[in-house]
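Engineer: heads up, no residue letters with this:
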């Protein structure tokens, strides 16, 4: 058994108890200390990140995946600003209600932390900060395991954050990061159900499948984004083109980017003549003779599968068969079709006349997210602070016994 990993999990578990009963003032102070320390440590972060980026280039990482890995001064400042935004959010701990039963018992229900959250993720080092600060704000400790391609950056970010929260009066071990990125260690982490309360994988389909199949801990699936844009026969084609270009091209490497375009046959010729031109101009490979394999694929790249459909029903059936239940959009001026799409598409986020790129904790007003859940229990969609808590029942009596 991995003794170092177990020791980290034990320390984080102990820290979770202390953090869970801490006041919102000290937790917010910890977040602001993290933001200040990230800005002060920008040179050290960029230096560590440069090594990761160079190694990733040598390993042949694609351009879109490299973009996810790179940190510069502007991105670090944006990350620090997001941390301060999270510090400003209302505290969710302690929220609740109470009621009195006929026998005099007063039953209360309040929001409490999950405890120790394990997070397994891939090449985006900003996740290291997002995950840690959302956990701290919601009173949870975290055990982080990032990918090997970002290990130096992640270790530097974790070091900075641990020092910052300790200076603010929070337990240093509330943030722990796994240094060994081997498969054996991550498999061992999936078995630590005596310490970790919930496991969140954040990355591609392969990572999520591995975690859900091998974990002995409750798992919240996040991340896989095979998203669709459907251009209905009643669409404003200019609007549809703008939405499609944004959904596919604005940042193709992320999970809420569009991977498949569905077009109604009545407007397909007119729409595709313009869309094809604009997509190719932006470097997109347009697969108009897409296969079933294409339809199932989350490209995370400038590749777009296209299918012409005969009806809105065919579009909905296609999405429900091939999609990952993440985010899907219809562009239409027809109210009945918009409502049909909203009701029948099985996804965490369903859009009418807006880009799927908005499926994001910040855009939804949550400050940030620890991931986007594509399952239905216990959370769905962007997971903010409330989704990182559970409930505790508190019962006050004066001697009642049950007959």
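Structural biologist: Looks like it arrived, so ask away. What you see is a predicted model, and the numbers here were worked out from it, not measured in a lab.
Engineer: switch to C-alpha atoms for all contacts and neighbour counts from now on
Structural biologist: Will do.
Engineer: any idea how the chain splits into domains?
Structural biologist: What automatic domain parsing lists as the domains of the chain is 3-222+375-396, 227-358.
Engineer: As JSON lines, those with distance to residue 366 and mean pLDDT would be great.
Structural biologist: Formatted as JSON lines, the domains of the chain follow (distance: least, Cα to Cα, whole Å; pLDDT from 0 to 100):
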{"stretch": "domain 3-222+375-396", "distance to residue 366": "5", "mean pLDDT": "95"}
{"stretch": "domain 227-358", "distance to residue 366": "12", "mean pLDDT": "97"}
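Engineer: Let me have these in a markdown table, adding mean neighbour count as columns.
Structural biologist: Listed next are the domains of the chain as a markdown table, based on neighbours: other Cα atoms under 10 Å:
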| stretch | mean neighbour count |
| --- | --- |
| domain 3-222+375-396 | 19 |
| domain 227-358 | 20 |
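Engineer: Need those in JSON lines (columns: distance to residue 369).
Structural biologist: Below are the domains of the chain laid out as JSON lines (distance: least, Cα to Cα, whole Å):
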{"stretch": "domain 3-222+375-396", "distance to residue 369": "5"}
{"stretch": "domain 227-358", "distance to residue 369": "13"}
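Engineer: What separates the first and last residues of stretch 135-143, distance-wise?
Structural biologist: From its first residue to its last, stretch 135-143 covers 10 Å (Cα to Cα, to the nearest Å).
Engineer: Show me the helices in this protein, by range?
Structural biologist: Here the chain has its helices, by DSSP state H, at 3-20, 24-40, 42-58, 63-69, 73-88, 126-137, 151-167, 183-189, 205-214, 237-249, 268-281, 292-296, 312-322, 335-344.
Engineer: Residue 102 is nearest to which of the ones you listed?
Structural biologist: The closest of the helices of the chain to residue 102 is helix 3-20. By Cα to Cα, the value is 32.7 Å.
Engineer: Return the distance of the closest one from the chain's centre.
Structural biologist: Distance, stretch centre to chain centre, for helix 3-20: 23 Å (Cα atoms, centre = their mean, to the nearest Å).
Engineer: same thing with stretch 252-272?
Structural biologist: 24 Å.
Engineer: how long is that stretch end to end?
Structural biologist: So stretch 252-272: terminal residues 20 Å apart, Cα to Cα.
Engineer: What of stretch 345-360?
Structural biologist: Using Cα to Cα, first and last residues of stretch 345-360 are 19 Å apart.
Engineer: Just list the residues touching the residue nearest to residue 221 when sequence neighbours are not counted, thanks.
Structural biologist: Ranked by Cα to Cα, 6 or more residues apart in numbering and with sequence neighbours excluded, the top spatial neighbour of residue 221 is residue 373, at 5.6 Å. With contact taken as Cα atoms under 8 Å, 6 or more residues apart in numbering, residue 373 is in contact with 220, 221, 222, 223, 326, 348, 379, 380, 381, 382, 383.
Engineer: Kindly reformat the helices of the chain as JSON lines and extend each row with distance to residue 255.
Structural biologist: Shown next, in JSON lines, are these (distance: least, Cα to Cα, whole Å):
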{"stretch": "helix 3-20", "distance to residue 255": "29"}
{"stretch": "helix 24-40", "distance to residue 255": "26"}
{"stretch": "helix 42-58", "distance to residue 255": "21"}
{"stretch": "helix 63-69", "distance to residue 255": "12"}
{"stretch": "helix 73-88", "distance to residue 255": "19"}
{"stretch": "helix 126-137", "distance to residue 255": "13"}
{"stretch": "helix 151-167", "distance to residue 255": "21"}
{"stretch": "helix 183-189", "distance to residue 255": "23"}
{"stretch": "helix 205-214", "distance to residue 255": "11"}
{"stretch": "helix 237-249", "distance to residue 255": "10"}
{"stretch": "helix 268-281", "distance to residue 255": "19"}
{"stretch": "helix 292-296", "distance to residue 255": "14"}
{"stretch": "helix 312-322", "distance to residue 255": "15"}
{"stretch": "helix 335-344", "distance to residue 255": "20"}
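Engineer: how close does residue 215 sit to residue 180?
Structural biologist: For residue 215 relative to residue 180 (Cα to Cα), the value is 18 Å.
Engineer: Kindly report the same for residue 151.
Structural biologist: Taken as Cα to Cα, the span from residue 151 to residue 180 is 9 Å.
Engineer: can you check residue 65 too?
Structural biologist: From residue 65 to residue 180 the distance is 22 Å (Cα to Cα).
Engineer: what do you get for residue 119?
Structural biologist: Distance from residue 119 to residue 180, by Cα to Cα: 14 Å.
Engineer: same check, this time on residue 113
Structural biologist: 27 Å.
Engineer: Could you do residue 173 as well?
Structural biologist: Taking Cα to Cα, one finds residue 173 at 17 Å from residue 180.
Engineer: cool, residue 32 as well?
Structural biologist: 29 Å.
Engineer: Equivalent analysis for residue 33, please.
Structural biologist: 27 Å.
Engineer: which residues touch stretch 181-201?
Structural biologist: Under the contact criterion Cα under 8 Å, 6+ apart, stretch 181-201 has outside partners 1-2, 5-6, 9-10, 13, 114-121, 145-148, 151, 207-208, 211, 214-223.
Engineer: Apply 6 Å and report the result again.
Structural biologist: Here stretch 181-201 makes contact (Cα atoms under 6 Å, 6 or more residues apart in numbering) with 116-121, 148, 208, 215-220.
Engineer: With stretch 278-291 instead?
Structural biologist: 302, 303, 304, 305, 306.
Engineer: And for stretch 394-403?
Structural biologist: Outside stretch 394-403, the residues that reach it (Cα under 6 Å, 6+ apart) are 105, 106, 107, 108.
Engineer: Need those residues in TSV (columns: distance to residue 241).
Structural biologist: Output for those, formatted as TSV (distance: Cα to Cα, whole Å):
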residue	distance to residue 241
105	60
106	57
107	54
108	51
